[in-house]
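Peer 1: sequence unknown, structure follows:
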């Protein structure tokens, strides 16, 4: 008796039913279809739209998550993710990029310290939106910098991220003690005016930031793909986030920043990100070369 493969059976059924299209047999194509269905489902069920994220980096992170998930395919994982919020949260942590450090790219923070804060001091009160703050290292860095530059009691930082769990860690202000050596070096290279150890207490193998720093920062969830802007800001930082977006989502995020940034305010992007060719570019001038710090023109 001649054995007929499962795929051959499926093909005959489709042909008898009048199906005229090509039958997908390539495993990569099937995986692409499954991934597309999963992203569509996530957007509809949870309101997180990753369809406008850069495909290469998103697929790489999704495949890495799949390898640790216990599922054999995205198709197998799909019903579990859509029906189980805990499973979705696990995937979300695999999708989002939460790599950060205090005073990361010290030369950028040095520029903010020396060239931007003199302008910020002219405002009676300064509001700063830090979009995509991850676990909060950069937001705490800004709080330290502003206090050292004479803005104590005159600023508020709104630090947002799509991942609620990573925001919970950010609110705690607790970081591995082993990271303090690098953070201290970054702080010193950024022009720090004190001893970095003054800003934390060592407890076992962790460093706990001073409570006074946490009082200056409001951590909250925000989805750049769906949510609106905050109130008027004098500075917006969104560093190393746009590189993971497709062009349309980049423009949407930049439009949000533009709409809430006051005239003369500052927009700070990651060192690999730029306003070149973007819709809002004519409204900005490069403030400091090589830092990706831009200043909004006065209307």
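Peer 2: Happy to help now that I have it. Note that the structure is a prediction, hence the values are computed from the model and not measured.
Peer 1: and residue 264, what does it touch?
Peer 2: By CB atoms under 8 Å, 6 or more residues apart in numbering, residue 264 lies in contact with 119, 295, 296, 298. Any C-beta I mention is one placed from the backbone N, CA and C, and that applies to glycine too.
Peer 1: Which strand or helix spans it?
Peer 2: Applying DSSP states H and E as the criterion places residue 264 in strand 261-269.
Peer 1: Could you identify the helix or strand that succeeds that strand?
Peer 2: Assigned by DSSP H and E, the successor of strand 261-269 is strand 284-288.
Peer 1: in its sheet, what does that next one sit against?
Peer 2: Paired strands of strand 284-288, with direction, are strand 293-296 (antiparallel) (DSSP bridges).
Peer 1: pLDDT (mean, whole number) over the strand it pairs with?
Peer 2: The average pLDDT within strand 293-296 is 98.
Peer 1: Just give the nearest non-adjacent residue to the residue nearest the centre of the chain, would you?
Peer 2: With distances taken as CA atoms, centre = their mean, the chain has residue 132 as the residue nearest its mean C-alpha position (3.5 Å). Among residues not flanking residue 132 along the chain, residue 241 sits closest, at 3.7 Å (CB to CB, 6 or more residues apart in numbering).
Peer 1: In the stretch 151-299 of the chain, mark out all the helices, start to finish.
Peer 2: Here the stretch 151-299 of the chain has its helices, by DSSP state H, counting those that start in this stretch, at 164-172, 180-189, 211-214, 247-260.
Peer 1: Identify the residues contacting residue 223.
Peer 2: Contacts of residue 223 (CB under 8 Å, 6+ apart): 47, 48, 49, 162.
Peer 1: The residues you listed, buried ones only, as a ChimeraX selection?
Peer 2: Buried subset of those, written as a ChimeraX selection, criterion 16 or more other CB atoms under 10 Å:
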select :48,49,162
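Peer 1: Perfect, I'm done here.
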